[in-house]
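Participant: this is a predicted model, with the sequence first.
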Amino acid sequence: MGGERDCKTNQGALITSKGGTNISEKGSYVLGVDLGGTKIAFGLVDQAGQVVKDLIVPTCPGEGAMGVIQRIIAGLRQVAAAAGDRQGIKGIGIVVPGVLDVDSGRVVLASNLNWRDVPISAILEKELNLPLFLENDARAAAWGEKCFGQGRRVEDLLYIAIGTGIGGGLILGGRIYRGHHGNAGEIGHMVIDPEGPLCGCGNRGCWEALASGRAIANRAAALLAAGRPSSLGALAGRGEEVTALHVATAAAAGDELALEVMGEAARYIGLGIASLVTIFDPELVVLGGGVSRNGSLLLATVTRVVRQRALPPAAGDVQIVLSTWPEMAGVVGAAAVAFSRLGLLDEGGKALCRAC
């Protein structure tokens, strides 16, 4: 909602801007962009995966694809200015949630932006005169963890982004796994409970209909409507929409209804992960996205359910951790993709660009 107000009152005013104090003129950098439905995050990222300058602006998708792209261009130019000598910037990585044609640089479908068949790479490359690399947001975040974060020492990694919906990225054998059509990772639409709530995709009981941020908010609202007492009732009484953040904050303060809702979500998160661990046998599972910021409320229950439900030996060996970057995983992931495809990353002498 804040982003929408900014769009109306000040043409998408700046939300936050940080960093810019540890920039070396001799270094190589890329620009990372995380395009979401409500905000766009930018970062100037060095070869160690450090975000040395960042910026967040509202997306304002109601202005249409070209309006959003103009915001991206303006944000990139602002962040790029922090590098001083533009020669140090080698390329741009941009991540988008949705169905992509990575090879042609097109967004085939991004429902939260209302985009269909947008040639974003060609537009931005022409405007900014830098090579640009497009990737799905969750797959890029998984690659960022592999290159710079929790997954640096593992070859098989599962990244799960739990926000408004649920998405995933797989690193198998040290490589990004995209699947036959290039869009592997739509794990939020696994059916966990066929009699469960209706999902936005049209099915019932999808994982994201049970465990996403939207699901948490919907469950809390339903319990409040049924007359359950809670500190959250004050929000409903003022006509405010209950969000997952509200529920998590109330749970941290000991609210019984909120604790019940968060506990139920954690159990469903654990059930979904258990199935994925059994199928893919990863060494590491990384939880990212907005819901994962409430790690202390989730991690113990999630881990216990996975240990109980996944098949051995994976159930006992897999490590479940929180993302290295609760706020900037998409930006760092976008940068990791760009560095890799430019051939500027290696690990122990192995060129990581060959794995993208």
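Facilitator: Received it, and whenever you're ready, just let me know what you need.
Participant: tell me where the stretch 1-150 of the chain has strands.
Facilitator: 16-19, 29-35, 39-46, 51-58, 89-96, 99-101, 106-110, 115-118, 132-136 (DSSP state E, counting those that start in this stretch).
Participant: tell me the most buried of these?
Facilitator: Highest mean neighbour count among the strands of the stretch 1-150 of the chain (mean count of other Cβ atoms under 10 Å): strand 29-35, with a mean of 28. All C-beta atoms are positioned from the backbone trio N, CA, C, and that covers glycine.
Participant: packing partners of that one?
Facilitator: strand 39-46, helix 64-80, strand 89-96, helix 329-341 (3 or more Cβ pairs under 8 Å, 6 or more residues apart in numbering; DSSP states H and E).
Participant: and if we set it to 6 Å?
Facilitator: If you count contacts as 3 or more Cβ pairs under 6 Å, 6 or more residues apart in numbering; DSSP states H and E, strand 29-35 packs onto strand 39-46, strand 89-96, helix 329-341.
Participant: quick one: the longest one to chain centroid distance?
Facilitator: Same thing as helix 329-341. Computed by Cα atoms, centre = their mean, to the nearest Å, the chain-centroid distance of helix 329-341 equals 12 Å.
Participant: what angle sits between it and strand 39-46?
Facilitator: Interaxial angle, helix 329-341 versus strand 39-46 (axes from the mean of the first three to the mean of the last three Cα atoms, to 10 degrees): 40 degrees.
Participant: contacts for helix 329-341?
Facilitator: By Cβ atoms under 6 Å, 6 or more residues apart in numbering, the residues outside helix 329-341 that reach it are 30, 32-34, 41, 43, 45, 49, 91, 93-95, 133, 135, 137, 140-141, 143-144, 147, 288, 323, 325, 345, 352-353, 356.
Participant: can I get it in CSV? Just the C-alpha atoms.
Facilitator: Output of helix 329-341 as CSV, limited to C-alpha atoms (Å, rounded to 0.1, in the frame of the first residue of the first chain):
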residue,chain,number,x,y,z
ALA,A,329,18.7,-11.9,-1.8
GLY,A,330,17.3,-11.0,-5.2
VAL,A,331,19.8,-8.2,-5.8
VAL,A,332,22.8,-10.4,-4.8
GLY,A,333,21.4,-13.3,-6.8
ALA,A,334,21.0,-11.0,-9.8
ALA,A,335,24.6,-9.9,-9.4
ALA,A,336,25.8,-13.4,-9.1
VAL,A,337,24.1,-14.4,-12.3
ALA,A,338,25.6,-11.5,-14.1
PHE,A,339,29.1,-12.0,-12.8
SER,A,340,28.9,-15.7,-13.7
ARG,A,341,27.7,-15.2,-17.2
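Participant: start at 30, not 1
Facilitator: In the new count, where the first residue is 30, that last one comes out as helix 358-370.
Participant: give me the angle between that helix and strand 118-125.
Facilitator: 130 degrees.
Participant: before we move on, the earlier item: compile the strands of the stretch 30-179 of the chain into JSON lines and extend it with columns for mean pLDDT and distance to Glu215.
Facilitator: Shown next, in JSON lines, are the strands of the stretch 30-179 of the chain (pLDDT from 0 to 100; distance: least, Cβ to Cβ, whole Å):
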{"stretch": "strand 45-48", "mean pLDDT": "64", "distance to Glu215": "30"}
{"stretch": "strand 58-64", "mean pLDDT": "96", "distance to Glu215": "18"}
{"stretch": "strand 68-75", "mean pLDDT": "94", "distance to Glu215": "22"}
{"stretch": "strand 80-87", "mean pLDDT": "94", "distance to Glu215": "26"}
{"stretch": "strand 118-125", "mean pLDDT": "95", "distance to Glu215": "14"}
{"stretch": "strand 128-130", "mean pLDDT": "89", "distance to Glu215": "9"}
{"stretch": "strand 135-139", "mean pLDDT": "91", "distance to Glu215": "12"}
{"stretch": "strand 144-147", "mean pLDDT": "94", "distance to Glu215": "17"}
{"stretch": "strand 161-165", "mean pLDDT": "94", "distance to Glu215": "9"}
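Participant: Trp236: which of the ones you listed is closest?
Facilitator: strand 161-165 (17.2 Å; Cβ to Cβ).
Participant: residues in contact with that closest one: which ones?
Facilitator: With Cβ under 6 Å, 6+ apart as the test, strand 161-165 has contacts from 121-124, 129, 131, 134, 150, 153-154, 366-367, 370.
Participant: who touches Leu227 in this structure?
Facilitator: By Cβ under 6 Å, 6+ apart, the contact list for Leu227 reads Arg233.
Participant: hmm, 10 Å instead?
Facilitator: Arg233, Gly234, Cys235, Ala238 (Cβ atoms under 10 Å, 6 or more residues apart in numbering).
Participant: now do the phi/psi pair for it.
Facilitator: Leu227 adopts backbone torsions of phi -70, psi 130, taken as degrees, to the nearest 10.
Participant: what pLDDT does the closest residue in space to Gly194 that isn't next to it in sequence get?
Facilitator: Of all residues not flanking Gly194 in the chain, Glu237 sits nearest, at 4.6 Å (Cβ to Cβ, 6 or more residues apart in numbering). pLDDT, Glu237: 91.
Participant: pLDDT score assigned to Ser140?
Facilitator: In this model, Ser140 is scored at 77, pLDDT.
Participant: which residues touch the nearest residue to it once chain neighbours are set aside?
Facilitator: In space, and not counting its chain neighbours, Ser140 is closest to Gly127: 6.7 Å by Cβ to Cβ, 6+ apart. Contacts for Gly127 (Cβ under 10 Å, 6+ apart) come out as 64, 66, 136-142, 144-145, 147, 165-166, 196, 212, 215.
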